[in-house]
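Trainee: show me how the following folds:
(one chain, ligands or ions: 1)
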Amino acid sequence: NRRIVLQSRPHGEPKPSDFHLEHQPVAQPAEGQVLLRTIYLSLDPYMRGRMSDAPSYVPPVALGDVMVGGTVSRVEVSRHPSFKVGDVVLGASGWQDYALSDGNDIHALDSRISRPSLALSVLGMPGFTAYHGLLQIGQPKPGETVVVASATGAVGSAVGQIAKLKHARAIGIAGGADKCRYAVETLGFDACIDHRAPDFAEQLAAVTPKGIDVYFENVGGAVFDAVLRRLNIGARVPVCGLIAQYNATQLPEGPNRVPQLMGLVLARRLRVEGFIILDHYATEFADFLRDMSGWVAQGKVTVREAFVDGLEQAPQGLMDLLAGKHFGKVVVRVGEG
Ligand code: NDP
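Mentor: Numbering: from 1, shown residues only. This next block holds a predicted model:
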């Protein structure tokens, strides 16, 4: 069994030496357990947070422990009455070839999931994040303008496509011309602009002539600064992620702009609301899977997957994800499908 453990806590950007690949004998399941072989491992921005011991909504990965992660696996050996050899399950085996489970943290893949890797993207956690954040907090109305950054990523691409299904205008923000073209031509965004362009704020103003009604916050940083000035009275800001600051080691320099921000929240009656998707599975996941699997089957929502080959490539895959070098939902192919 190959497994990748957290070797050291990164200061700033993670580096290869923060991870360590270990080999261990494959454990055999006890009565009531199954042995899982990982097929796909999802790489997600939250993993940077788990590498750090700063206070968060869940405890960090301990030094020497296997890196956490959502997985699609095949049951190799079963001593559990509900699972048989060959079953494909969604779970959280983390960054390793094999894992044991007592059955409580795994689920057979829903029959509406046509391709197993989709359980880690549009029909799984990232798609659910987009669905909940946009529809419950953003609440876009027909004709309103929805802006989302990281627009070709797992969450952002679903946000834009759901916004269009709700008859809103969808404006994407992404890194580079290729991603922007894909957002418009394939995902159906009304426009998409490059956050690295020197005149980004002017371009944002040009594509949001009526201001912004919903800003789905995935990144923070300079993008948020520019968006803030365009928010309309009554705008909603679901705060989903702040990837631009995940590698930050200190607060940015400059004057304290919190009073200015709070002044805007007040004057423009903004609704800024953070959410953690783990809180909503029990109440909303079934509705999500019904709606989203229908949209995917009808071709109304699509996802681009960026596959990384081999478990040993997972550290570089995560580093590249944080740096914006991938194009689409990042999935590591660990074992045979
Ligand atoms: P993404 O694939 O969208 O994340 C990587 C992308 O972030 C990069 O490709 C890059 O896109 C963008 N990015 C990185 N750095 C910056 C920067 N400095 N400025 C602007 N964009 C940047 O991942 P996901 O779709 O999985 O996640 C999107 C967000 O949602 C993340 O912030 C994540 O933490 C959050 N999230 C929150 C959840 C919750 O429960 N609240 C659950 C799931 C995700 P580009 O090249 O286009 O700039």
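Trainee: nearest residue to the middle of this protein?
Mentor: What sits nearest the mean C-alpha location of the chain, by Cα atoms, centre = their mean, is residue 126, with 4.5 Å.
Trainee: wait, doesn't that residue sit right on residue 158?
Mentor: Yes: the pair residue 126 / residue 158 is scored as a contact, 6.8 Å apart, by Cβ atoms under 8 Å. Quick note: C-beta positions are derived from backbone N, CA and C, even for glycine.
Trainee: pLDDT of stretch 62-72, averaged?
Mentor: On average, the pLDDT along stretch 62-72 is 98.
Trainee: touching the ligand at all, that stretch?
Mentor: No: using Cβ under 6 Å from any ligand atom, stretch 62-72 stays clear of the ligand, coming no nearer than 10.4 Å.
Trainee: give me every residue that touches the residue nearest to the centre of the chain.
Mentor: 44, 120, 153-155, 158, 329 (Cβ atoms under 8 Å, 6 or more residues apart in numbering).
Trainee: can you list the residues of the stretch 1-150 of the chain near the ligand?
Mentor: Residues of the stretch 1-150 of the chain found near the ligand (Cβ under 6 Å from any ligand atom) are 44-46, 126, 129, 149-150.
Trainee: circling back to that earlier point, next up, phi/psi of the residue nearest to the centre of the chain, please.
Mentor: The phi/psi pair for residue 126 (degrees, to the nearest 10) reads phi -70, psi -40.
Trainee: ok, it to residue 159 distance?
Mentor: With distances taken as Cβ to Cβ, to the nearest Å, residue 126 is found 10 Å from residue 159.
Trainee: if we take the contacts of residue 126, which one ends up nearest to residue 249?
Mentor: Closest approach to residue 249 among the contacts of residue 126 (Cβ to Cβ): residue 44, at 21.4 Å.
Trainee: I figured the closest one hits residue 124, correct?
Mentor: No: contact criterion Cβ under 8 Å: residue 44 and residue 124 do not qualify, at 10.3 Å.
Trainee: please enumerate the strands of the stretch 201-337 of the chain.
Mentor: With DSSP state E, counting those that start in this stretch, the ranges of strands along the stretch 201-337 of the chain come out as 212-216, 231-239, 271-274, 305-309, 329-333.
Trainee: quick one: which of these is nearest the ligand?
Mentor: strand 329-333 (6.4 Å; Cβ to the nearest ligand atom).
Trainee: got a list of contacts for the closest one?
Mentor: Outside strand 329-333, the residues touching it (Cβ under 8 Å, 6+ apart) are 39-44, 117, 120-122, 126, 153-154, 157, 303-311, 313-314, 317-318, 320-321.
Trainee: ditto for stretch 128-138
Mentor: 140, 146, 155-156, 158-159, 162-163, 166, 214, 216, 236, 238, 240, 271, 273, 275, 277, 280-281, 284-285, 288, 291-292.
Trainee: and it, C-alpha only, in PDB?
Mentor: Taking C-alpha atoms only, stretch 128-138 is exported to PDB below (Å, rounded to 0.1, in the frame of the first residue of the first chain):
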ATOM      1  CA  PHE A 128     -23.400  20.600  -4.300                       C
ATOM      2  CA  THR A 129     -21.400  23.600  -3.000                       C
ATOM      3  CA  ALA A 130     -22.300  25.600  -6.100                       C
ATOM      4  CA  TYR A 131     -26.000  24.500  -5.900                       C
ATOM      5  CA  HIS A 132     -26.400  25.400  -2.200                       C
ATOM      6  CA  GLY A 133     -24.400  28.600  -2.200                       C
ATOM      7  CA  LEU A 134     -26.000  30.000  -5.300                       C
ATOM      8  CA  LEU A 135     -29.600  28.900  -4.800                       C
ATOM      9  CA  GLN A 136     -30.000  29.200  -1.000                       C
ATOM     10  CA  ILE A 137     -27.800  32.300  -0.400                       C
ATOM     11  CA  GLY A 138     -27.300  33.900  -3.800                       C
END
